[in-house]
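1. Predicted structure and sequence below. I'll ask about it afterward.
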Amino acid sequence: GVDNSDQMLEAARRRVEGRQNVVLKQGDLEAIPIEDDACDAAILLLVLTYLPEPAVVLREMKRILKVAGKAVVIDLLQHDRDDFRRQMGQQSMGFTSDQLKRLLQEAGFKQARCEQIPPEPAAKGPALLAATGAKSN
């Protein structure tokens, strides 16, 4: 796991305590502190709306993946709740399925797909999207 926030890394450490197969690193997603072609899969969970340039992070995600590695992105479906965006400190109001799929394709991912995740009945925030892609050589 990579995060630039001490608080988020501490919360993650508590959740994975005792697990030997988890490594947590402090760093920026624009320059992920992981070697090229090192990961079988990578997940960005509710990250892209916080970034001024999501395409940079998606290219970094591709860089750390092995050939045939899988990318998974979960983020906000485009919404009109500027109060929510400001409260959360987000840069954007989410993405349409076509926008997120296009971002993956432009970053070089093949087999890019994106679909809306059905919201939970009690959900208070905007709906979510799930996108996937694969790294090819």
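-> Here it is on my side, so go on.
2. going forward, measure contacts and count neighbours with C-alpha atoms only.
-> Noted.
3. separation between residue 103 and residue 110?
-> Using CA to CA, to the nearest Å, we find residue 103 at a distance of 11 Å from residue 110.
4. Pull the residues that contact the helix or strand bottoming out on mean pLDDT in the chain.
-> Taking mean pLDDT, DSSP states H and E as the measure, the helix or strand of the chain with the lowest value is helix 82-88, at a mean of 74. The contact list for helix 82-88 (CA atoms under 8 Å, 6 or more residues apart in numbering) reads 91, 92, 93, 125.
5. State the number of residues packed around the nearest residue to the first one once chain neighbours are set aside.
-> Computed as CA to CA, 6 or more residues apart in numbering, the closest residue to residue 91 that is not its neighbour in sequence is residue 50, at 5.0 Å. Other residues within reach of residue 50 by the criterion other CA atoms under 10 Å amount to 16.
6. was I right about residue 50 contacting residue 76?
-> No: judged on CA atoms under 8 Å, residue 50 makes no contact with residue 76 at a distance of 10.6 Å.
7. Let me see the ranges of the strands in the protein.
-> 2-3, 25-26, 39-45, 65-76, 109-117, 128-135 (DSSP state E).
8. can you redo those as CSV with mean neighbour count and mean pLDDT?
-> Below are the strands of the chain laid out as CSV (neighbours: other CA atoms under 10 Å; pLDDT from 0 to 100):
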stretch, mean neighbour count, mean pLDDT
strand 2-3, 17, 90
strand 25-26, 14, 92
strand 39-45, 16, 94
strand 65-76, 21, 95
strand 109-117, 18, 96
strand 128-135, 22, 96
